[in-house]
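1. Have a look at this prediction, sequence included:
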Amino acid sequence: MPYGARMLCLACTGPCSGALCPTCRMGLHPAPEVTVGLGVTGIAGFLHVGPARRLVHALKYRAVAAAAEPLAEAVADRIPGSVTALVPIPRARVRAFRYGIDPAAVLAAAISRRSGLPVIDALLARWWWRSHAGRGRDERSPLTFVSSGRRVPPGVALVDDVLTTGATALAAAEALPGLPTLVAVATCASRVNQGVGPLGGAVTVQPSSGPNDRTPLRARTIDASGLARSDSPKQGHVRDRRENA
């Protein structure tokens, strides 16, 4: 660590001695396993609330790659030994260019480093689709992915950042041969509606309907290693309402 540098919590950006401050680490809540549909099971590191939600936002919208590390650590611990490889679900290309990051790809790489599983870029995304932020299942644009042509062995797990309705995971699974049966995500919605859906016996994950997390965050004060940047402003807050873009 450079002389005089200090660490900032990746979730709240307050000073701390590690990746997360004690308060944010205590605010991470394990997520239940859910059945998305078409036989696809979802496992998540944490519920999409509090510090976990802020970590995802830092990764997705401020390209803080270090935010993927605590998320990936929790996900890697839950991946079954039967999984053979990881397939990231790509972000719409326009958004990946706009924000300078593909969250699923970064998460898959971080999970791979912990699990030893290979990453296969087996899916291609469209250029753009309408943002799903704050929209219910019926209001969302249809999602489609196509295979990149790379060989996919049986037993792969899809990787994404957030699981809400499960539509993205199902669209990705349908684009691959053999229909992957597992999606590993950093966080999943905090409210789960268990019941029989149109696919029969599915547990449908509903979008979180709680208030937007408006915890003030110092804008662009963390580099990829989690260190405070010397050129960072002492003040200057952003309130990020985006989600699932």
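-> Received, thanks. Residues are numbered from 1 along each chain as shown.
2. mind listing what's buried in the helix or strand where Leu59 lies?
-> Taking DSSP states H and E as the criterion, Leu59 maps to helix 50-62. Of all the residues in helix 50-62, those buried under the rule 16 or more other CB atoms under 10 Å are 50-62. The C-beta positions use only the backbone N, C-alpha and C, and glycine is treated the same way.
3. Report the residue spans of the protein with pLDDT below the cut-off.
-> 1-6, 127-142, 190-245 (pLDDT under 70).
4. all helices of it, in order?
-> If DSSP state H is used as the criterion, the helices of the chain fall at 22-26, 50-62, 68-76, 93-99, 103-115, 167-174.
5. Among the ones you listed, which comes closest to Thr13?
-> helix 50-62 (8.6 Å; CB to CB).
6. just checking, what packs against the closest one?
-> Secondary-structure packing of helix 50-62 (3 or more CB pairs under 8 Å, 6 or more residues apart in numbering; DSSP states H and E): helix 22-26, helix 68-76, helix 93-99, helix 103-115, strand 156-163, strand 182-188.
7. quick one on the thing from earlier: please tabulate the buried residues of helix 50-62 in JSON lines, including the columns distance to Val106.
-> Converted to JSON lines, the buried residues of helix 50-62 look like this (distance: CB to CB, whole Å):
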{"residue": "Gly50", "distance to Val106": "21"}
{"residue": "Pro51", "distance to Val106": "18"}
{"residue": "Ala52", "distance to Val106": "16"}
{"residue": "Arg53", "distance to Val106": "17"}
{"residue": "Arg54", "distance to Val106": "16"}
{"residue": "Leu55", "distance to Val106": "12"}
{"residue": "Val56", "distance to Val106": "11"}
{"residue": "His57", "distance to Val106": "14"}
{"residue": "Ala58", "distance to Val106": "11"}
{"residue": "Leu59", "distance to Val106": "7"}
{"residue": "Lys60", "distance to Val106": "10"}
{"residue": "Tyr61", "distance to Val106": "13"}
{"residue": "Arg62", "distance to Val106": "12"}
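8. Which one of the helices and strands packed on helix 50-62 lies nearest to Leu8?
-> Closest approach to Leu8 among the helices and strands packed on helix 50-62 (CB to CB): helix 22-26, 11.1 Å.
9. Now the closest one - C-alpha only, PDB.
-> The C-alpha trace of helix 22-26 is given here as PDB (Å, rounded to 0.1, in the frame of the first residue of the first chain):
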ATOM      1  CA  PRO A  22     -17.300  -3.700  10.200                       C
ATOM      2  CA  THR A  23     -20.700  -2.100  10.000                       C
ATOM      3  CA  CYS A  24     -21.200  -3.000   6.300                       C
ATOM      4  CA  ARG A  25     -19.800  -6.500   6.800                       C
ATOM      5  CA  MET A  26     -22.400  -7.100   9.500                       C
END
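10. What residues sit buried inside it?
-> Cys24.
11. Now do it: everything it contacts.
-> Cys9, Ala11, Cys12, Cys16, Gly50, Pro51, Arg54 (CB atoms under 8 Å, 6 or more residues apart in numbering).
12. who's in contact with the second one?
-> Contacts here follow CB under 8 Å, 6+ apart; on that basis Ala11 touches Leu20, Cys21, Cys24, Gly27, Pro51, Ala52, Arg54, Leu55, Ala58, Ala67.
13. try 10 Å this time
-> Shown in contact with Ala11 (CB atoms under 10 Å, 6 or more residues apart in numbering): 19-21, 23-25, 27-28, 50-58, 67, 70, 215, 217.
14. again with the fourth one
-> Counting by CB under 10 Å, 6+ apart, Cys16 makes contact with Arg6, Met7, Leu8, Cys9, Leu10, Pro22, Thr23, Cys24, Arg25, Gly226.
15. Could you report the distance from it to Thr23?
-> From Cys16 across to Thr23, the span is 9 Å (CB to CB, to the nearest Å).
16. pretty sure Val152 is touching Val119, no?
-> No: checked against CB atoms under 10 Å, the pair Val152 and Val119 is beyond contact range at 11.8 Å.
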